[in-house]
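Peer 1: My questions are about this predicted structure, shown below with the sequence.
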Amino acid sequence: MAHWSRFEKELEQETRRLISHYTSIQDEEDQNFQMALKFAWSNFKFHRFLDVNRHNVQRSINGIHEKLMIHSDLSKAESWSRLTEEFLSSPLPNTEGTKTDVHYSVLALLLHLSDSPSNTNYCERPRLKETEKEDTFDWAKYLMEGEDIDTGPFPDTPEWSEDESEEEDSQQPLSREDSGIQVDRTPQEDHEQNDKCVQVTWTVGEPDCRAWLEQHIVTSYWVPNSPRFPHSLHLHSNLYNVWDQHLYNTGPLYLPEEKSFVTETQVIRETLWLFSGVKKLFIFQHNDGKVTVRNDVVVTHLTNNCLHSVLEHIAAYGQAVSRLQKFIDEVTGHSAEPCPPGLNSSSSSSSSSSKKSSDPPFRTYQAFVWALYKYFTSFKEELSTIEKDIIAKDETVTLSSVLERLSPHLAQITMLHRVFCTGVAEVPPETPNVLRASHLLNTLYKAIIEYDSVGEASEQSVALLFSLWVETVRPYLEIVDEWIVHGHLFDPAKEFIIQRNKDVPVNHRDFWYATYTLYSVSETVESEERLSDAASGSSGGEQASSSRQHTMVSFLKPVLKQIIMAGKSMQLLKNLDCKETEQPDGSSRDAERKSLYTLFLESVQTRLRHGEDSPTNEVTEQQATKKSLIKMQSIVARHLELDDIHDPLLAINFARLYLEQNDFHEKFSGGSVILDRSSESVTCQTFELTLRSCLYPHIERRYIECCGNLMRTLKKDYRLLGYLQAMRNYFLLEAGDTMYDFYTAIFDKVLEKESWQQLAFLNVQLQEAVGQRHPEDSNRLSIFLETIDPARKKQPVNNLDGLTLSYKVPWPVDIVISLECQKIYNQVFLLLLQIKWAKYSLDTLRFSDLTVATKRQEGGQSEEITAKEPINQQIHRMFLLRVKLMHFVNSLHNYIMTRILHSTGLEFQHQVQEAKDLDQLIKIHYRYLSTIHDRCLLREKVSFVKEAIMKVLNLVLIFSDRWQAGFGAWKIESIDKMESDFKNCHMFLVTILNKAVCRGSFPHLESLALSLMAGFEQC
């Protein structure tokens, strides 16, 4: 081994140590040890392993980082990313450079050795870096050793620095009078100060500094008796003096007044300061929220009336700015006066104001204020630019040029102030937040429509209003998004038009009907109407009367029902123990999910950027615009055709509008929405179409997803369809074999003249019948006997009244199958039992019973027989009457069981499968119950038909009772009466049903009418 290198020797030793550690063989001469050593050396020298792939390692590192982010382990993800980057960027011993194969090899080894990094509790430990030791060696002494240095007579004196003299000069105090800045004083104080004034000579800096200050320091025009500034003696520069002299000469009673002369530059600056929100000014004064102009302020080149006319207009704009700025300060919490937003602080409303101001402003007002603040930020930047131009003096700046430059902003401020007054300031202080928010959003919406009607002259105004609306509507969309995504209606300030009723828990059977309240706001904003959100979930405009027009939030009206359904469905889903909501990657998907507001803005960007491809060929700008307009026109025309709108002129206008909005999408990036250019205008038609294509589809998509999940969960996990089928099986007697065992036991008791109205007997029979074929429903099904007025039981058929079937439906299925639904089911169930009873009574009659009873009576009735018809003829009449009654009962039975219950049940099952949401399913179920209730003739309107049927059924029971009693138990005349009564009822029903069928009002009665007519005999 003498020829081995040092590396090979170290490798030999490490290999032996590795084998001894893993095999626990200490004897290196052992045969097994030698075999392991040869195997290891063979793999070291002749291995087939590839070099590390740094791309795979980097992908693994990124994958672990992404996994940690998905699991919300933000600290671990940050540490993992930072530590791996530090390791790759750090040098290794015996390795040159960073991010080498050795680095990636070490990381690959650690990745292979790691076991589930995301499931490990990791806390990064601080590592102390070694600080470099300071070099305390005195190199100056070492290098200057042996050198002679002349330190002078005072070797301990420190070196002199020039900075000290400069600091001393800068710290020399300046005279207050020499600085050109004066403090506001009363005239008396100013006079006393002048008496004590001492002349101070100028001793600081260059001689020209005093002259520079005298030229650039503003004259104290705000101080009484201030010195007049020098100005030109030209006629145009002395127009005020000329006019004043003219008034003095022509008016004998004219008395000149003391005036404060200011320059036009000073007027411009105070105008800019007024628009910036400054209140302590000289020319403009704030008194009780109003901005007024001083009467004694004049300029030399304008008459007094002319100047005041201009300043009054400026004061009006300044008052609007001041009022808007005050509202911004109140909402943001910077107001010193405790009064509600938009109201002046007066003594009459101080008590209500202080009470209202204690509550923080709700989010809609905050969003509106944020939009106003961003606009005023840009407005103040424009004011600052004008002031810089005045300071620079590169060009002449006059008051008229400043007003002309600010005219677009001033028009917008007037518009914003009008919106503020209508939407905020005029609302009474006691108005609830929901009405305030709704009214503000509606005001912005109507303002967009109003200014858009002007046309191109108000493009900037429409753009600004749209930006304000987009910002103001953000809280509403966030509330909707939180509700339809997480099932939580987060509205602490109660500003949303739908509010949660916390008295009704989610697991209550009335959750779907009484959980939320929909607020409808009237146009006068003086009253409110609370509309309970019933099962329909319809908007307030549908339920309100036509005489009062109610507005909620105009842009939400088309999708209000979808929002309510999606919100309630998601809240119900969150409280169900279903598999649909138990998704392991739910948190990660929610982190990646975009909010409804973000999706809306992105859709608006896509819509406005659609069709902006520039032409590639070299043509003139006019030709390119024409070509783009034709292309955009075809695209817009196709979009309009999707909505069944065929208007080529409208398509051209929309195409031209979109081509002007080239940079609209840029204003939505970064979370800011600023629309203050004519190229970014949004017209009213575009606004409504934008909502239809950019906002409503996202809400519709979420509505379909939430309601679809809820319907699948109810059908799959909570057996909704099974419970609906159980209701039809037991209440509508679709489970014929099961219910036959139950009701025949009752009918047998009646035939045997035994008491059957015992609750224990009824429940035992019901449990025995149900338990044999449907044991899962035996615990849910029970029967009760309600106390009925004895007057209602005059007829035998009414003995079944009070028999009530009850089925325990679990939550949340009881939302669909409510107690009210079971009452309707019980009405149909009672009718079916009465029909079944009549049919069973006729079916169980035997001819032998009547003939045997007749033979027993033949010996004692010989005298009567001579006077009356023979017994055989009477028996024949009984047989015929029985057949007629059986035909009537069977026709009625077949009509209800097949034409009504079976056919309607098939339609109901198909509609249940097609139901998109729970509200639609509830409506389908109610409609189904209402249909069978009406078609079974249980409605009050056709009660006379039911009474006729009940008379026939009662006649059947009497007939059956007399059949079984025989001829001796009743008189022969009763046969004539039964035949007469049946014939009258039969004729009445045939006549009524035929008229109804001929009118076409009840087509389902046609089969019953034909069947009864076939059994009707003509007299």
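Peer 2: Done, it's in. This is a predicted model, so every value here is computed, not measured.
Peer 1: and stretch 949-957, C-alpha only, in CSV?
Peer 2: Taking C-alpha atoms only, stretch 949-957 is exported to CSV below (Å, rounded to 0.1, in the frame of the first residue of the first chain):
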residue,chain,number,x,y,z
ILE,A,949,-118.6,12.1,-2.5
MET,A,950,-118.7,11.8,1.3
LYS,A,951,-122.5,11.2,1.0
VAL,A,952,-121.9,8.3,-1.4
LEU,A,953,-119.2,6.9,0.9
ASN,A,954,-121.5,7.2,3.9
LEU,A,955,-124.2,5.5,1.9
VAL,A,956,-121.8,2.7,1.1
LEU,A,957,-121.2,2.1,4.8
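Peer 1: contact partners of it?
Peer 2: 795-797, 834-835, 837-838, 841-842, 885, 888-889, 892, 937, 978, 981-982, 985-986, 989 (Cβ atoms under 8 Å, 6 or more residues apart in numbering). Heads up, the C-betas are built off the backbone N, CA and C, glycines and all.
Peer 1: what about that stretch, distance to the chain center?
Peer 2: Distance, stretch centre to chain centre, for stretch 949-957: 59 Å (Cα atoms, centre = their mean, to the nearest Å).
Peer 1: What residues sit buried inside it?
Peer 2: Using 16 or more other Cβ atoms under 10 Å as the test for burial, stretch 949-957 gives Ile949, Met950, Lys951, Val952, Leu953, Asn954, Leu955, Val956, Leu957.
Peer 1: what are the ranges of the strands in the stretch 351-500 of the chain?
Peer 2: Remark: strands assigned in the stretch 351-500 of the chain by DSSP state E, counting those that start in this stretch are 498-500.
Peer 1: can you put the buried residues of stretch 949-957 in TSV and add distance to Ala77 and secondary structure?
Peer 2: What follows is the buried residues of stretch 949-957, written out as TSV (distance: Cβ to Cβ, whole Å; DSSP: H, G, I helix; E, B strand; the rest coil):
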residue	distance to Ala77	secondary structure
Ile949	76	helix
Met950	77	helix
Lys951	83	helix
Val952	81	helix
Leu953	78	helix
Asn954	82	helix
Leu955	85	helix
Val956	82	helix
Leu957	82	helix
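Peer 1: Out of the contacts of stretch 949-957, which sit inside helices?
Peer 2: If you go by DSSP state H, these have 834-835, 837-838, 841-842, 885, 888-889, 892, 978, 981-982, 985-986, 989 in helices.
Peer 1: top of those by neighbour count?
Peer 2: Greatest neighbour count in those, by other Cβ atoms under 10 Å, goes to Ala838: 28 neighbours.
Peer 1: which ones are touching that one?
Peer 2: Taking Cβ under 8 Å, 6+ apart, one finds Val797, Val889, Leu953, Val956, Leu957 in contact with Ala838.
Peer 1: And the furthest pair within the residues you listed?
Peer 2: Checking the contacts of Ala838 against each other with Cβ to Cβ, the farthest-apart pair comes out as Val797 and Val889, at 11.7 Å.
Peer 1: Quickly find the element holding Arg702.
Peer 2: For Arg702, the host element (DSSP states H and E) is helix 696-716.
Peer 1: and if you look at Lys923?
Peer 2: Residue-wise, Lys923 maps onto helix 918-935 under DSSP H and E.
Peer 1: Other residues contacting that helix?
Peer 2: 512, 535-537, 561, 565, 568-569, 572, 707, 710-711, 714, 724, 732, 815-817, 821, 824-825, 827-828, 900-901, 904-905, 907-908, 911-912, 915, 939, 1004.
Peer 1: Report the buried members of these.
Peer 2: Buried among the contacts of helix 918-935 by 16+ other Cβ under 10 Å: 512, 535, 537, 561, 565, 568-569, 572, 707, 710-711, 714, 724, 732, 815-817, 821, 824-825, 827-828, 900-901, 904-905, 908, 911-912, 915, 1004.
Peer 1: Many thanks, have a good one.
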